[in-house]
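>>> coords please:
(one chain, ligands or ions: 1)
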Amino acid sequence: MACAAWLHSFPLPHALVPVLRRRSSLASAFHRATWPSPPGQFFSFASGPSSPTLTPVRAQAKRGFSFKDDEVASPDDLRFEAPLRIVEYPDPILRAKNKRIDSFDDNLKKLVDEMFDVMYKTDGIGLSAPQVGINVQLMVFNPVGERGEGEEIVLVNPRVNRYSKKMVLFNEGCLSFPQIYADVERPESVKIDARDVKGARFTVSLSGLPARIFQHEFDHLQGTLFFDRMTDEVLDSIRVQLQALEKKYEDKTGLASPERVETRKRKTVAAGFGKS
Ligand SMILES: [Zn+2]
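Have a look, this model is predicted:
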């Protein structure tokens with residue numbers, strides 16, 4: 001059993017802090033703010049689901065999930081060229097199915113290294129493989145967003161087995177949507193099963209900022225983008241910026257945008273959780 005101590009050394013914000021893309025202008029506020037829970041309660045890391053070190057996930061709601069339908073990635077699916085490039089909305093790569101990884105080799109380690117590299121260079125604090133054009137179930141993150149600080153987390157084939165009922169609102173950004181920030185509501189905490197870069201299975205409970213980052217990246221692995229979860233009112237506040245990205249894509253590729261925010265149906269129900 002191992003217990004990771006990341007996030008113990010710095011306070012977390014309690015409201016409306018940009019995540020997933022670090023903004024240096026808010027760094028001082030980020031470090032001043034404090035999360036209501038005591039340090040050490042955000043993350044625990046265990047070798048098995050019954051470990052007593054797991055952080056309790058409050059008001060848990062059990063969700064079903066299945067691995068059976070996942071297609072396994074081939075060596076071709078995992079082929080990449082460094083340096084990696086961030087794929088921006090509305091590239092259809094961001095909506096494509098992401099395959100399960102079952103080979104934990106040097107190529108995977110190199111891909112993870114390159115993903116951290118581009119994440120730090122672009123001031124990100126989380127990155128999923130489809131965002132660098134690789135449609136596999138892999139994410140990396142470091143809530144501090146600085147190489148050598150915090151802890152680098154790698155999750156392969158992650159699954160959520162519990163979400164908290166408690167929901168929180170955060171101002172999110174996304175490397176695939178440069179300079180766009182808006183509020184998204186998500187569960188405050190999650191309990192996850194995943195593999196590490198060596199293929200070892202583990203279970204982890206996350207809350208606060210790490211839970212927020214995880215859920216945003218986990219959505220990428222399902223082809224869900226952060227604006228899919230915004231209310232119509234919030235979406236209206238970034239609609240022009242999304243349309244500018246659609247035009248940028250069309251100008252660059254000569255292709256029609258594969259999706260348009262303008263034609264998105266007004267939501268009658270909130271995007272669901274638990275579709276893992
Ligand atoms: Zn994103």
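
>>> use CA for all of it now, contacts and neighbours both
Will do.

>>> Please give the number of neighbouring residues around the nearest residue to residue 225 once chain neighbours are set aside.
The shortest distance from residue 225 to any non-neighbouring residue, by CA to CA, 6 or more residues apart in numbering, is to residue 219 (6.5 Å). Neighbour count for residue 219, taken as other CA atoms under 10 Å: 19.

>>> Report the next helix or strand after whichever strand or helix holds residue 219 in sequence order.
Assigned by DSSP states H and E, residue 219 belongs to helix 208-221. Next along the chain after helix 208-221, taking DSSP H and E as the criterion, comes helix 232-253.

>>> what packs against that next one?
When contacts are defined as 3 or more CA pairs under 8 Å, 6 or more residues apart in numbering; DSSP states H and E, helix 232-253 sits against strand 177-187.

>>> Distance from the chain centre to stretch 105-125, please.
14 Å (CA atoms, centre = their mean, to the nearest Å).

>>> any idea how far residue 126 is from the residue most central in space within the chain?
Closest residue to the average C-alpha location of the chain: residue 217 at 1.7 Å, with CA atoms, centre = their mean. As judged by CA to CA, to the nearest Å, residue 217 and residue 126 stand 7 Å apart.

>>> Overlap of the contact sets of the two?
residue 139 (CA atoms under 8 Å, 6 or more residues apart in numbering).

>>> Could you report the pLDDT at residue 265?
On pLDDT, residue 265 comes in at 74.

>>> is it true that it lies in a strand?
No. Assigned with DSSP: H, G, I helix; E, B strand; the rest coil, residue 265 falls outside any strand and is coil.

>>> For it, the count of nearby residues, please.
Neighbours of residue 265 (other CA under 10 Å): 8.

>>> With residue 87 instead?
Neighbours of residue 87 (other CA under 10 Å): 19.

>>> if I've got this straight, it is in a helix?
No. Counting by three-state DSSP, residue 87 is located in no helix; its state is coil.

>>> any idea what sits nearest it, other than its immediate chain neighbours?
Once flanking residues are discounted, residue 87 sits nearest to residue 131: 5.1 Å by CA to CA, 6+ apart.

>>> Helix, strand or coil: sort out that neighbour for me.
Going by three-state DSSP: residue 131 is helix.

>>> these two touch, right, it and residue 92?
No. Here residue 131 does not reach residue 92: they are 10.6 Å apart, not a contact under CA atoms under 8 Å.

>>> And these two? Which one has more around it.
Counting neighbours by other CA under 10 Å for residue 131 and for residue 92 shows that residue 131 has the greater number, 25 against 15.

>>> residues contacting that one?
By CA under 8 Å, 6+ apart, the neighbours of residue 131 are 86-88, 93-94, 175-176, 220.

>>> Output the residues you listed in TSV, with distance to residue 106 and pLDDT appended to each entry.
Putting these into TSV (distance: CA to CA, whole Å; pLDDT from 0 to 100) gives the following:
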residue	distance to residue 106	pLDDT
86	22	98
87	24	98
88	27	98
93	24	98
94	25	98
175	26	97
176	27	98
220	24	98
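
>>> Before I go, just wanted to say thanks for your time.
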